[in-house]
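**Q** Got a predicted structure here, sequence first:
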Amino acid sequence: MQIQWYPGHMTKTKRMLASQLGVVDVVIELLDARLPLSSKNPDIDELAVNKQRLLVLNKADLADKAVTAQWEAHFRRLGFFTLALDSTQRASVKPLAARVQEIMRPKTERMLSRGRISAPIRAMVVGIPNVGKSTFINQLAGRASAATADRPGVTRGRQWIKVRDMQARGNVLDAADFDLMDTPGVLWPKFEDPQVGLRLAVTGAVNDLILDRITLAEHLINMLLEINPVAIVARYRVTTDMQGTAKTARQILEEIGESRGFKMKGGVIDLERAAVTLLDEYRAAKLGRISLESPPELAR
């Protein structure tokens, strides 16, 4: 399955990002912790080459904790600041303020040494569709500032959001002001590696409506068989071999439909329903916390 999905508005979004980078101090790029490399837009590296960078591994609650720690170490070796979190939980997002202050401390100290008043930090939040940017910003702002939905392509234009973060430090209340620019999710025009497109598709970064979900579910089954076959066996009570011969992904999908009682007229297995169920349950971590990628130096 060769997946290429690049709606016309994404070209406009890329131009907007480039034009606005000059007014921001930090670029916060959200990645999907289950597939940090595949969800990292290479265009952002090119656009933000001279900016401070913070990579947020979002949806860390859905990913293998040990693998996420390996990814953080990998990106730090490349010179990025990192933070793994679950943007649906306010407590998980709270350390972000301190991390941004750490990144900006050299600039802030230079300004103060010259007698200038430190201005609010301006940060641009970027990432691919459905990586959780709007939920992340709403947690920081403490209110529903950005539109959210469990599908790609909800945020349509840039919007500045004021964040006031108050933290007690000893007997002093330290106030950190942030101006956050939320931006629409943007992919890049072509996935050179077809596996990148498939990984993005199974996590929902590419709109399901343009895909054959049965074939996509079969690809997910093949990924799980390679990474964590126990998860799919335990969840659906299926077997992965038949008389010593490995089953095909289609056979396993049929067993999933059978185990859930997804039958159509005449007793035919409803493969579409089985596929949707598998994709939804993987995305909700009902099969467990499963990462689809390891750092290149540790790849399986």
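**A** Looks like it arrived, so ask away.
**Q** what about Arg53, how many residues close to it?
**A** By the measure other C-beta atoms under 10 Å, the count of residues near Arg53 is 19. C-beta: built from backbone N, CA, C; applies to glycine.
**Q** That one and Arg105: what is the separation?
**A** From Arg53 across to Arg105, the span is 15 Å (C-beta to C-beta, to the nearest Å).
**Q** same check, this time on Lys263
**A** Using C-beta to C-beta, one obtains 62 Å as the distance from Lys263 to Arg105.
**Q** Which one of these two is surrounded by more residues?
**A** Lys263 (13 against 10).
**Q** That one: what's it in contact with?
**A** Taking C-beta atoms under 8 Å, 6 or more residues apart in numbering as the contact definition, Lys263 lies against 257, 269-270.
**Q** Restricted to helices, list those residues.
**A** Gly257 (DSSP state H).
**Q** Pipe the contacts of Lys263 into CSV and attach neighbour count, distance to Asn228 and pLDDT per row.
**A** Converted to CSV, the contacts of Lys263 look like this (neighbours: other C-beta atoms under 10 Å; distance: C-beta to C-beta, whole Å; pLDDT from 0 to 100):
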residue, neighbour count, distance to Asn228, pLDDT
Gly257, 23, 21, 97
Ile269, 18, 24, 96
Asp270, 16, 26, 97
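**Q** Let me have the contacts of Lys263 in a markdown table, extended by distance to Thr245.
**A** Output for those, formatted as a markdown table (distance: C-beta to C-beta, whole Å):
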| residue | distance to Thr245 |
| --- | --- |
| Gly257 | 21 |
| Ile269 | 21 |
| Asp270 | 26 |
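**Q** Looking at the contacts of Lys263, which is nearest His74?
**A** Closest approach between the contacts of Lys263 and His74, by C-beta to C-beta: Gly257, at 38.2 Å.
**Q** ok, the closest one to Thr240 distance?
**A** From Gly257 over to Thr240 (counting by C-beta to C-beta), the distance is 16 Å.
**Q** again with Pro120
**A** Going from Pro120 to Thr240 by C-beta to C-beta gives 55 Å.
**Q** Name the residue in these two with the higher neighbour count.
**A** Per other C-beta under 10 Å, whichever of Pro120 and Thr240 has more neighbours is Thr240, with 16 against 13.
**Q** Geometric centre of this protein: which residue is closest?
**A** By C-alpha atoms, centre = their mean, the chain has its centre lying nearest to Asp32, at 2.3 Å.
**Q** The closest residue in space to Gly204 that isn't next to it in sequence in helix, strand or coil?
**A** Take Gly204 and drop its neighbours on the chain: the residue closest to it by C-beta to C-beta, 6 or more residues apart in numbering is Asn130, 5.1 Å away. Assigned state for Asn130: coil (three-state reduction, DSSP: H, G, I helix; E, B strand; the rest coil).
**Q** Is there a neighbour count for Asn130? I'd like the number.
**A** Neighbours of Asn130 (other C-beta under 10 Å): 24.
**Q** That one against Ala201, yeah?
**A** No. Using C-beta atoms under 8 Å, Asn130 is not in contact with Ala201, being 10.8 Å away.
**Q** can I see the domain layout of the chain?
**A** Structural domains assigned to the chain are 9-182, 212-298, following automatic domain parsing.
**Q** Mind checking those domains for the one nearest to Val196?
**A** For the domains of the chain, the distance to Val196 is smallest for domain 9-182, at 4.5 Å, taking C-beta to C-beta.
**Q** for the biggest helix by length in the chain, packing partners?
**A** Using DSSP H, we find that the single longest helix of the chain is helix 96-113. Applying 3 or more C-beta pairs under 8 Å, 6 or more residues apart in numbering; DSSP states H and E, one finds that helix 96-113 contacts strand 26-32, strand 52-58, strand 81-84, strand 121-127, strand 159-169, strand 172-182.
**Q** That's all I had, so thanks and see you.
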